[in-house]
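Asker: Sharing a sequence plus its predicted fold:
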Amino acid sequence: MTNPIRFALVLSALGLAGCVDDTDMSSAAPDLVSQGEMPRFCRGAAAEEFSARPMDVITLPAEPDQGMYTVPGQIDDLFFYCTFSAEGRLVGVDRA
């Protein structure tokens, strides 16, 4: 006779073997952000783009600019800006 606890553990392990979450959250980003969230989102994008820590990135509020939004920012002596579409999608991070 087999041990019922061992049998239950084996069945549980087999059942969970196919349960894999293949969602890579490190690259997941929201498609659209509100105007109020643009500076925070820009901070993270600029930190990644310029290999800086987010806490070292300074951003200003988003400014409407020719049907889009621009978020000015600075990392030490590097000035940059993030551009967002009118809908709130990040278009790019560029040096100023």
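Answerer: Noted; the coordinates are in hand.
Asker: can you give me the strands in this protein?
Answerer: 58-59, 63-65, 68-75, 78-84, 90-95 (DSSP state E).
Asker: Show me the shaky parts of this protein.
Answerer: 1-30 (pLDDT under 70).
Asker: redo that, cut-off 50
Answerer: Along the chain, the model assigns pLDDT under 50 to residues 1, 7-26.
Asker: Tell me which stretches of it form helices.
Answerer: With DSSP state H as the criterion, the chain has helices at 4-17, 38-49.
Asker: Which residues does the last one contact?
Answerer: Counting contacts by C-beta atoms under 8 Å, 6 or more residues apart in numbering, the residues outside helix 38-49 that touch it are 30, 33, 52-54, 56-57, 59-62, 69, 71, 73, 75, 80, 82, 84, 88, 90, 93. C-beta coordinates here come from the backbone N, C-alpha and C atoms, glycine included.
Asker: Count the residues that sit near A45.
Answerer: Neighbourhood size, A45 [other C-beta atoms under 10 Å]: 21.
Asker: Ok, C82 next?
Answerer: 25.
Asker: Same question for T70.
Answerer: Neighbours of T70 (other C-beta under 10 Å): 19.
Asker: Was I right to think it contacts A62?
Answerer: Yes - the pair T70 / A62 is scored as a contact, 7.0 Å apart, by C-beta atoms under 8 Å.
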